[in-house]
Structure formats: structure tokens, C-alpha cells
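> Compute the structure for the input listed below.
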Amino acid sequence: MNRIPFHVVLTALVGLLNTAHAQEYNFSISGSLTDPALEGKELILSMSGHSDTVTIQNQQFNFKAVKKIGKANLRIYTKQERNYLTEYQHPKTVLFFVDGKPTLLRGTDLQTIKVSANSLQDEYQLLVKGIKTAQQQNPQASQIDKWKISNELILAYMEKNPTSLVSQDLFLEFFEVDHMKSFRIAQAKRFQQVYEAFPTAYRKSDMGKFLPLFLDADAKTVKIGQVAPNFKLTSSDGKQINLSDYQGKYVYLDFWASWCKGCRMQHPLLRRLHQTYKDAPLEIISVSLDAGANAKEKWLKAVENDKLTWVQVAELTHPSAIQKEYGFLGVPMNFLINPEGKIEAHYLHDEYLETYLNTLFSTK
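Now for the predicted structure:
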């Protein structure tokens, strides 16, 4: 599996959800966005098994003949050149639920949008309200703490409501969002139990039959609090790198490969953070999973092209012994190791990574 970019597998997973919602519907999602800057912009609606694009005209939009119910994502289309030297800004999206009845959305922009009442959206909003209330009870909570509160309450909700379509759709959020992925691994047994409690039709769908691949991998991945497996590899500049030599510092251990676009999209952010925390007790070690013909040349070329100045090591064999030791399914993948040499977090990318490091070192 390490030859398949992990984010590609996850995209396929989400696309299979439509088979669990077998019935087809036919309804509209329409509304208005009054921000003048949005006039003429394209709106993209994404659901499992359904995608559509419309243009905002006279502050109005209308998605006709929506065929699926459940979780919907709406975003403004923005064209951005992707490369490995410029940080990619992920588009902001709004999440809401639809139940097959005409749905009306109104707001100034996506951040202020309101969704007309429907059974699934009402259920989702009650859950969101409970999460906000719990977070507000601790006004000093960091963003990391708020994410943990939210994840725990969503998991508890799924445990209590396995037949709910909201629960079943939110289950996939834990395979898509980085801080939710890390939480999923930490609570692997509970997520396995939630999956087993889902209706038989859900588990026997194409998507449902695919999920155990990830859940089984979670059980094998080294967990928070466990000692990070040691390794000794040669770096890109010919030095011997022993992970155990870094005890006493935090280590961001990043697994990637030259062929993994999702991995390399993280390199601009890592370059910036490497400079930001160069005086903090933090080391970045990148482990390439390149293997096969010309693997070393491809690895070193990617290191040079992406201007990677921190420690770069590679095993250059397949299957990877280190990947087996750490137990993860595929790349991109990373682990934060604390000064005691134990795992502190997984899946630190993008906003999650930056927020985590900022929270961690602002308290030191």
C-alpha cells in the first residue's frame, strides 16, 4: 500500500459513500450570498456520489436535481497553481446536511451562511450546539483542546446513534481531517466498535467494506504514549542518523516519497516552520519511502528541487521495515515524538501542525 498516496485512497473512500445511500433523490439546494466580491464566482457542491458547479448571479445560486442526501460541502472555486515551493491554501468550505427536501442557504459569505431547517440539519445543529457549549465551559482551552472536546463528543454521539445518517457521514470526517485522524488512531478500539454497530447495509456497501482496511491499520499503528521505534539510516549528505540520538528534543518524523504529491505539497509549510522553530527543541526528520529503480536518484532530486534543508534519510527498500515498525498504512504520514522518545501525536499537517507547534512551544 505504500506505493499509493494515502490521500488518494481516502478520496476514493469518500467517493464510495454513495453506495451506502442507495436511494436517489431529486431536489434543489438554492440560496443567496450577498457579498459583492462573490458575484460571478463559481460555487462547487460536493457530496458522496454527487458534484455540481453553479455561478453566483445577482447574489443568487441554485443547484438543481441534487440526487443524494446526507453531508454536503460547499466551497468557492479558486484557481491556485500547485507547486512544491509555494504554500497551498486549502479552500474554505461549509458543511451542512440535506434530507431530500428543497434546501435554502442564505448568508453574506460561506462563513455566515444559514441553512433552512431539515431533519438531518436539525440533528447536526443540536450536536454542534452541544460541542460549542462544552468548549465554552473552558474559556482557557487551546484550539488543540477544543478539537479534542469536539472529537470526543462526536465519537460519543456515533456510539449512541449508530443508525443515524449524521453519525454515518461524520464517521468519514475522521478519515479526512488531520486532527480527527490522530484522534481516530488514539481511540482505535472505540472506532472499530462504532463501525461494527453501523447497519449491515452500511457495512456491506462498497464503502463499508473498504473501511476495515483503515481500521485494521489503526490497530497496528504505534499509539500516543508508546516509545517510537528506533532506526539508523544514512542521510542525503552521507551521515549516519540514529533516532535515539535525538532524545531530549521534539522530533517531527515525516514519512513521504518523491512520487507522493500530497506529501510534497507539505514541503513549503515545513520549510517555513523549520525556520520558525530552529531555536526551539524541535528537529524535523524526513524518511523517504522511495524504492525500486533509480529510487535514490529520484529521492535526492526531490530533496534538491523542494529545497529541503533539514535531516533527510531513506531506506530505499520495499517493503519498508520502518513502515512496518511504525504500523501505518501509507504516505503522507507523520509522528510527533516528545523529548522522552514517545509518540505524542499523528497526522500533523497544515493548520493542525502549525497550531499544534504554536500551542506546544508557546507554553514552554
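
> Find the centremost residue of the chain, please.
Taking C-alpha atoms, centre = their mean, the centroid of the chain lies closest to Val177, which sits 2.7 Å from it.

> so how far is Lys132 from that residue?
Here the distance between Val177 and Lys132 works out to 18 Å (C-beta to C-beta, to the nearest Å). C-beta here means a position set from N, CA and C on the backbone, and glycine is covered the same way.

> Low-confidence ranges, the stretch 201-350 of the chain, go.
Per-residue confidence of the stretch 201-350 of the chain (counting by pLDDT under 70) places no residue in a weak region.

> ok, how many other residues are close to Ile154?
Neighbour count for Ile154, taken as other C-beta atoms under 10 Å: 22.

> Likewise for Ala219?
Burial of Ala219 is recorded as 13 neighbouring residues (other C-beta under 10 Å).

> now swap in Leu95 and tell me
Applying other C-beta under 10 Å, we find 14 other residues in the vicinity of Leu95.

> How about it: what's its closest non-neighbour residue?
Asn73 (5.8 Å; C-beta to C-beta, 6 or more residues apart in numbering).

> would that neighbour count as being in a helix?
No - the assignment for Asn73 is strand, going by DSSP: H, G, I helix; E, B strand; the rest coil, so no helix is present there.

> so what's it scoring on pLDDT?
Per-residue confidence (pLDDT) for Asn73: 95.

> now it, which residues is it bridged with?
Legend: beta-bridge partners of Asn73 under DSSP bridges are Ser46, Leu95.

> What separation do you get for it and Asp169?
For Asn73, the distance to Asp169 - C-beta to C-beta - is 11 Å.

> of those two, who's got more company?
Asp169 (23 against 15).

> Next up, the contacts around the more buried one.
Asp169 makes contact with Leu17, Ser48, Gly70, Lys71, Phe97, according to C-beta atoms under 8 Å, 6 or more residues apart in numbering.

> hmm, 7 Å instead?
Contacts for Asp169 (C-beta atoms under 7 Å, 6 or more residues apart in numbering) come out as Gly70, Lys71.

> separation between it and Asp99?
Following C-beta to C-beta, the distance that separates Asp169 from Asp99 is 12 Å.

> repeat for Val66
11 Å.

> Mind checking which of these two has more residues around it?
The neighbour count for Val66 versus Asp99, taken as other C-beta under 10 Å, is higher for Val66 (21 against 17).

> Enumerate every residue touching the more buried one.
Counting by C-beta under 7 Å, 6+ apart, Val66 touches Tyr25, Phe27, Ser28, Ile29, His50, Val98.

> ok, now Asn305?
Neighbouring residues of Asn305 by C-beta under 7 Å, 6+ apart: Tyr84.

> Got phi/psi on it?
Note on Asn305: its backbone torsions stand at phi -60, psi -40 [degrees, to the nearest 10].

> One more: Thr355?
Here Thr355 shows phi and psi, under degrees, to the nearest 10, equal to phi -70, psi -40.

> what's the answer for Ile285, then?
The main-chain torsion angles of Ile285 are listed as degrees, to the nearest 10 and equal phi -130, psi 120.

> Pairing partners for it in the sheet, please.
Assessed by DSSP bridges, Ile285 has beta-bridge partners Leu253, Val311.

> Show me the shaky parts of the stretch 1-150 of the chain.
Of all residues in the stretch 1-150 of the chain, those with pLDDT under 70 make up the ranges 1-22.

> 80 instead?
Where the stretch 1-150 of the chain drops to pLDDT under 80, the residues are 1-23, 48-49, 80-82.

> so where do the strands sit in it?
27-33, 42-47, 50-55, 60-66, 70-76, 93-98, 103-107, 114-115 (DSSP state E, counting those that start in this stretch).

> Show me which residues of the second one are buried.
Spelled out, that is strand 42-47. Neighbour-count burial for strand 42-47 flags Leu43, Ile44, Leu45, Ser46, Met47 (criterion: 16 or more other C-beta atoms under 10 Å).
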